[in-house]
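Visitor: Sequence and computational prediction follow.
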Amino acid sequence: LEARVTAHRDYTIARIDDRLYSAFLEHLGRAIYTGIYEPGHPTADKDGFRQDVIDLVRPLMVPHVRYPGGNFVSAYNWEDGIGPRDKRPTRLDLAWHTSESNQVGIHEFMDWCERVGTEPMLAVNLGSRGLEEARNFVEYVNGPLGSYWGDLRKSNGRADPWNCRLWCLGNEMDGPWQIGQKTAHEYGRLAHETAKALRAFDKKLELVVCGSSNADMPTYPEWERIVLEHTYEAVDHVSLHMYSHNKANNTANYLALSEKLDRYIETIHSVIRLVKANKRSKRDVTISFDEWNVWYHSHEQDKAILQGMQGWPHEPRLLEDIYNFEDALQVGLTLNTFIRRSDVVRIACIAQLVNVIAPIMTEPGGPAWRQSTYWPFYLTSVHGRGTALQLAVDSPLYDAGEIADDVPYLDIAGVRDEEAGTVTFFAVNRHPAESMTTRIALQGFGPAPRILEHQVMTNSDLRATNTMEQPDRVKPRAGEGAGIEDGTVVVTLPPHSWQMILVA
Ligand code: AHR
């Protein structure tokens with residue numbers, strides 16, 4: 001196979017918002033308890049945070065971590081998680097049928113964020129609660145001393161406001177599974193009034209309103225239109241969620257799902273523009289893709305856990321997908337799509353970060369390790385910052401049935417980093433059997449480009465996984481044979497592979 005790509009220095013899409021590489025942590029399964037927090041673990045610090053997990057999270061450079069949910073937030077009382085720990089109530093979590101000890105609350109989460117070097121993206125409960133609690137929560141987190149909530153925060157050990165800028169107005173409010181599900185009109189009104197109240201407190205907050213839970217919901221995309229008609233002038237982003245799966249064991253179709261993702265973004269972008277025009281508005285609402293990942297490996301196991309559950313367990317092993325090599329390709333494809341749509345996608349959160357559909361796994365009392373999907377996320381987060389390039393791509397195509405007709409075997413994104421003077425390409429060869437000779441013509445980048453780094457992920461076994469015992473079976477290795485001929489990068493992409501090519 002052969003593919004040709006042209007990259008011109010000045011032919012760009014947008015400045016990539018670093019927040020594209022954000023993540024998500026929910027009070028769910030073992031994400032918090034025995035995930036980031038496990039007092040008594042050999043690596044735990046004085047506050048009970050696992051240092052081995054912090055050491056795996058830090059290199060990912062996630063700008064924001066969304067918290068505390070997810071479905072969990074829709075019946076959560078944030079006040080349960082403040083004050084002396086021995087006085088905090090244990091509550092029944094209706095979203096995941098577990099017991100929430102509240103040993104981690106907002107203070108502990110903010111401490112963890114500081115240790116990891118990230119910023120929070122907090123969600124308010126618009127399911128079982130509403131405007132009043134949202135307002136109180138925001139004032140507790142950001143309010144000045146001399147006010148009721150600011151002084152209460154101080155009495156709980158934190159005088160300075162945390163100054164969290166980014167807030168989600170509920171979670172997946174269209175979902176029948178959601179506690180306090182609403183119609184688009186009910187939610188739109190509530191979200192608008194809540195946004196107004198939060199802005200009356202601080203007009204610089206960035207607010208995310210809920211879009212559909214996914215592009216297969218019966219109310220999609222009318223939901224977005226109606227919700228935005230109510231909220232357009234008061235919010236900054238609309239949230240999108242998508243989880244990919246290969247239940248049908250059809251790799252060609254599975255790897256084409258990023259085309260569906262692209263259509264999803266395009267549709268909502270069109271809805272945003274429609275509402276903007278209807279409102280004669282000057283404002284640009286953008287997209288927060290605040291839940292995305294692969295999610296399906298654990299479905300059967302979760303059914304068994306939930307059906308066999310006696311009572312309301314603490315930290316059950318829920319949503320513990322074990323990712324394989326093929327899933328790493330999927331994560332790479334998703335990130336490429338976000339880079340290409342960085343004109344409208346400003347925030348994206350891999351869902352989630354630890355143990356629950358996550359790139360990082362832990363064993364209670366034992367080690368922490370990287371899943372296969374950690375690697376494309378890590379390399380794209382570190383090297384995919386700067387300006388997205390509008391590449392001209394000529395690739396052979398295939399038919400992916402109900403997903404899409406003309407899917408290019410080559411999926412590629414390019415990022416120019418002005419400060420570092422580099423351009424980085426992230427490429428996936430979707431072909432199952434054939435290598436692809438790819439020529440990337442570099443135009444306007446300077447006289448003598450050279451390849452600084454070439455990383456490749458390939459594996460003869462699509463189902464290969466990393467485990468506690470074998471944590472390094474799936475990982476990148478240095479690529480071979482890439483070169484530059486007359487200003488053109490020439491590289492051979494193995495079948496079913498992901499790679500990063502860094503050129504200076
Ligand atoms: O990330 C797991 C769950 O997926 C979240 O709680 C919910 O928002 C979504 O349906």
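Guide: Structure received.

Visitor: Quickly list the domain ranges of the chain.
Guide: 2-9+388-503, 18-162+241-269+288-363 (automatic domain parsing).

Visitor: chain center to the first one: distance?
Guide: Relative to its chain's centre, domain 2-9+388-503 lies at 22 Å (C-alpha atoms, centre = their mean, to the nearest Å).

Visitor: Over to stretch 325-343?
Guide: For stretch 325-343, the distance to the chain centre is 11 Å (C-alpha atoms, centre = their mean).

Visitor: With stretch 381-396 instead?
Guide: Offset of stretch 381-396 from its chain centre (C-alpha atoms, centre = their mean): 19 Å.

Visitor: For it, measure first residue to last.
Guide: By C-alpha to C-alpha, to the nearest Å, the extent of stretch 381-396 from end to end equals 28 Å.

Visitor: And for stretch 485-503?
Guide: 13 Å.

Visitor: This protein against the ligand: which residues are in contact?
Guide: Within reach of the ligand by C-beta under 6 Å from any ligand atom, the chain has these residues: 26, 69-71, 171-172, 213, 291, 351-352. In short, each C-beta sits where N, CA and C put it, glycine included.

Visitor: Just among the residues you listed, which is most surrounded?
Guide: N171 (30 neighbours; other C-beta atoms under 10 Å).

Visitor: can you give me phi and psi for the residue lying closest to that residue once chain neighbours are set aside?
Guide: What sits nearest to N171 in space, not counting adjacent residues and going by C-beta to C-beta, 6 or more residues apart in numbering, is V73, at 5.3 Å. Backbone torsions of V73, given as degrees, to the nearest 10, read phi -70, psi -20.

Visitor: and if you look at T437?
Guide: Torsion angles, degrees, to the nearest 10, at T437: phi -80, psi 120.

Visitor: One more: T438?
Guide: Dihedral angles for T438 - degrees, to the nearest 10 - are phi -120, psi 130.

Visitor: my guess is it meets T492, correct?
Guide: Yes. Proximity of T438 to T492 meets the contact threshold set by C-beta atoms under 8 Å, at 7.4 Å.

Visitor: who's more crowded, these two?
Guide: T438 (26 against 15).

Visitor: Which pLDDT value belongs to that one?
Guide: At T438, the pLDDT value in this model is 98.

Visitor: now swap in the one 3 residues further on and tell me
Guide: The predicted local confidence for A441 comes out at a pLDDT of 97.

Visitor: In a helix, it, correct?
Guide: No. Counting by DSSP: H, G, I helix; E, B strand; the rest coil, one finds A441 to be strand, located in no helix.

Visitor: ok now do it, which residues does it touch?
Guide: Contacts of A441 were listed using C-beta atoms under 8 Å, 6 or more residues apart in numbering, and they are 4-7, 487-488.

Visitor: Any idea what it is bridged to?
Guide: T6, T488 (DSSP bridges).

Visitor: Okay, it and the ligand: tell me how far apart.
Guide: To the ligand, A441 is 41 Å away according to C-beta to the nearest ligand atom, to the nearest Å.

Visitor: burial of the closest residue to E419 other than its chain neighbours, as a residue count?
Guide: The shortest distance from E419 to any non-neighbouring residue, by C-beta to C-beta, 6+ apart, is to G386 (7.9 Å). For G386, the count of nearby residues is 21 (other C-beta under 10 Å).

Visitor: State the pLDDT value of L306.
Guide: With respect to pLDDT, L306 scores 82.
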